[in-house]
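In: the following block contains a protein sequence and its predicted model.
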There are 2 protein chains.
Amino acid sequence: MQPVDTELLRAINRYRVLDAIRRFAPLSRADICKQTGLGRTTVTDIITALSEEGVVGNAPEGSARGRGRPVEKLQINPDAAFVIGALVAVHQLSIVVTNLRADPLASVNIPIRTTRHPAETVAYMLEDGIKAAVDQANLNLSQIAGVGVGIPGFIDAAHGISHWSPALGAEPIGFAEMLQKQMGTPVVIENDANMAALAERWFGHGQDTDNFILVTIEGGIGMGLFIHGDLFSGQHGMAAEFGHMKMDLNGPLCRCGQHGCLEAYAGYYAIVREARKVIDLPPTTDEVSIERTAHEVAKRARAGDARLLKIFRDAGETLGLGIANLINVIDPGKVIITGGGVRTADLIAPAVRQTVEAYSVKALRGKCEIVFHDWSDEVLARGAAALVLQGLYRNPWSRSTAIAVAV
Amino acid sequence: MQPVDTELLRAINRYRVLDAIRRFAPLSRADICKQTGLGRTTVTDIITALSEEGVVGNAPEGSARGRGRPVEKLQINPDAAFVIGALVAVHQLSIVVTNLRADPLASVNIPIRTTRHPAETVAYMLEDGIKAAVDQANLNLSQIAGVGVGIPGFIDAAHGISHWSPALGAEPIGFAEMLQKQMGTPVVIENDANMAALAERWFGHGQDTDNFILVTIEGGIGMGLFIHGDLFSGQHGMAAEFGHMKMDLNGPLCRCGQHGCLEAYAGYYAIVREARKVIDLPPTTDEVSIERTAHEVAKRARAGDARLLKIFRDAGETLGLGIANLINVIDPGKVIITGGGVRTADLIAPAVRQTVEAYSVKALRGKCEIVFHDWSDEVLARGAAALVLQGLYRNPWSRSTAIAVAV
């Protein structure tokens, strides 16, 4: 625990005021008091400071009704700072420039099979993409407060290290430092599923519940966990390897070398492996072709092939059983299922829901909402921007704070 | 989130000072500043207030070394308040009276098969036992700030309701209110495994890590979860039903009516069920006789019966696989295994450790310490006392605060 002193208190109060304005603007001072539970004097002091710093300003006036001058409404000054969000996927780099409200100002998508390149090459391409996006937004790099990067795999966010990643390779790499040195801008990295969870917390289905689990269906099965309103990354920063929950030790071989892992039933490669047993499919050589083929199998299932429909149903059942196990252990308010695999939600969702209902403990049955949420890589990149913004909002406002959030 | 204001800040600072003194006493004012990170003035103000209230006092003086007067060392005044901790098990009620340091002052154990009686009878017996324990400690009930009760089953701590309990029956019961009305003293209830986790946090292996999982082996398999230094009970207060993680849908029948739950492999009744296939055993009619028989099987296994040794090894393997799943998902700093079943640790621990090691994801292998910790019901009752003390320590000190922690 951090020591609690008056300086930290001020920072927390400031964060609360900013967070309320960010989420519910335009707000009057009275609205802010109500939202935060803080006293009038405290709120006024904070607003005064934030206005002087240019972070908060007056919202455009609505029509003045009734007598007297209209009540002043406040909003975040969206252009007080800018951040970059990026997603390193196996098939592309997605980059978005956002302002303080996480509005997307410009975006760049670079199709690149990251698996084919060493991490340094990926970092150079990311740097070039970021510079192009910053240009496109009519900004320059010195205006960028920080860069947040989502990466699939075992990512140690606290130390900025990718331990293992389908996009960056199997060796530990200090990717945050690598990119930060190239760019001269603070960089934070995070597991892509954690980042998706952060995006849901800021913009999506996680706004209304403090405890939720996010599950990503992609080549593998990922997970992000919010507990008491905070992202929980585990004691070693590597929580949420849901894809390697063992469903049956005699089950199919997983890419990790063990048998019966959840993703060996429900990841793209599992779908393709099973489909090959009943239909002819072109050879698949990498994550990208496996993903494409899995969606091709989905298309043919939708055309009415009962054998293929069963493959998706079976995958949905195993996924649902894994989610029931999670619900029994964690008791979340919500489970949000996202990632590219959600494009097959029509084929798997009924089985997922039925199995969750069947295998949750009785007292929790029907209590946890299951949401399928289809999101683009660009929205995920906004989640990466939120990663940086979270650091900015959480601390007393200054450019030096932005540096402090860097790894 | 609660609003952060100066009053709450004071309460938090006060809690931090108290917590430091409780854990590391005797401490000088300088030690307290170092432990808490708080400034000298803040600490002095808090200590002055706590001394006036009689909560903190001078520790007995050590030998004064060097010149000048000796530095004043502080400790919790242990007799500033008293609380009751109780454990409702299927075979007995355990009651302990403690002071502010959670020192046990008196204890009462009542052998009673709680399963045979309605919840009201259990509450009356608990009341009588508490009164006897308070007498034994030379106190009277008006000096008791609160009662904490641990109960196995689905316990909604926030609302004081037992939804389902092997000790209190299958119907929802407002047990906290029931006991509170009888006693006229604030009562909090909690799942027994959560309470064991709290006991580990205060007195045991959870003191040095903010993120840990506690697993209890009893008739069933329970779990308690500490995240960021706080007990996490889930969105609906019912997290941690680890015993019903499904290990194999074609597996043995669980008492919950489903197949392949972890406790259907590793609970007492699973051991007895498997042992019956190879040796003669007396009939078992209830939780108590099942537990006794399971320990009898353990004794015969230790005498060298290879078939029985294998039963424990298999149970240990399945438990280890379940724990590996937990580690992969939550990445705790430690897993603490406790409960009556730990008396068979010699038979199951090697299999548990090997299986955890084999099925943790590579990046987490060897990172999570597994501790087997044999604890008595009396120590667990101290955990229940800690449940009340936690509420007291967390709030500005007053008798009225004790009332505020009640359900």
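Out: Perfect, I can see it now.
In: in the stretch 301-407 of chain A, what spans have low per-residue confidence?
Out: Low-confidence segments of the stretch 301-407 of chain A (pLDDT under 70): A:377-378, A:380, A:391-407.
In: show me what the helix or strand containing residue A:97 is packed against.
Out: Assigned by DSSP states H and E, residue A:97 falls within strand A:92-99. Secondary-structure packing of strand A:92-99 (3 or more CB pairs under 8 Å, 6 or more residues apart in numbering or on different chains; DSSP states H and E): strand A:82-88, strand A:104-111, helix A:119-136, helix A:377-394. Where you see a C-beta, it was placed from the backbone N, CA and C, and this is true even at glycine.
In: strand partners (parallel or antiparallel) of the shortest one?
Out: In the sheet containing strand A:82-88, the strands it pairs with under DSSP bridges are strand A:92-99 (antiparallel), strand A:144-151 (parallel).
In: ranking the ones you listed by burial, who's on top?
Out: Stretch with highest mean neighbour count among the strands paired with strand A:82-88: strand A:144-151 (a mean of 27; mean count of other CB atoms under 10 Å in any protein chain shown).
In: contacts for the helix or strand hosting residue A:292?
Out: Assigned by DSSP H and E, residue A:292 belongs to helix A:287-302. Helix A:287-302 is touched from outside by A:90-91, A:113, A:115, A:166, A:218-219, A:268-269, A:271-272, A:275, A:279, A:281-284, A:308-309, A:311-312, A:340-341, A:343-344, A:346-347, with contacts defined as CB atoms under 8 Å, 6 or more residues apart in numbering or on different chains.
In: for the nearest residue to residue A:315 once chain neighbours are set aside, give me its contacts.
Out: Using CB to CB, 6 or more residues apart in numbering or on different chains and skipping residues adjacent in sequence, the residue nearest residue A:315 is residue A:266, 4.4 Å away. By CB under 8 Å, 6+ apart, the residues touching residue A:266 are A:217, A:221, A:315, A:316, A:318, A:319, A:322, A:341, A:348.
In: the third one sits in which helix or strand?
Out: In the assignment (DSSP H and E), residue A:315 maps to helix A:306-330.
In: tell me the helix or strand right after that helix.
Out: From helix A:306-330, the next helix or strand downstream (DSSP H and E) is strand A:334-338.
In: and the helix or strand following that next one, anywhere near chain B?
Out: Later in the chain than strand A:334-338, the nearest helix or strand by DSSP H and E is helix A:345-359. Yes: counting by CB under 8 Å from any CB of the partner chain, chain B is contacted by helix A:345-359 at residue A:359.
In: so what does helix A:345-359 touch, helix or strand wise?
Out: Helices and strands touching helix A:345-359, by 3+ CB pairs under 8 Å, 6+ apart, are helix A:287-302, helix A:306-330, strand A:334-338, strand A:369-372.
In: in CSV, list those along with mean neighbour count.
Out: Output for the helices and strands packed on helix A:345-359, formatted as CSV (neighbours: other CB atoms under 10 Å in any protein chain shown):
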stretch, mean neighbour count
helix A:287-302, 19
helix A:306-330, 23
strand A:334-338, 24
strand A:369-372, 16
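In: that'll do, ta.
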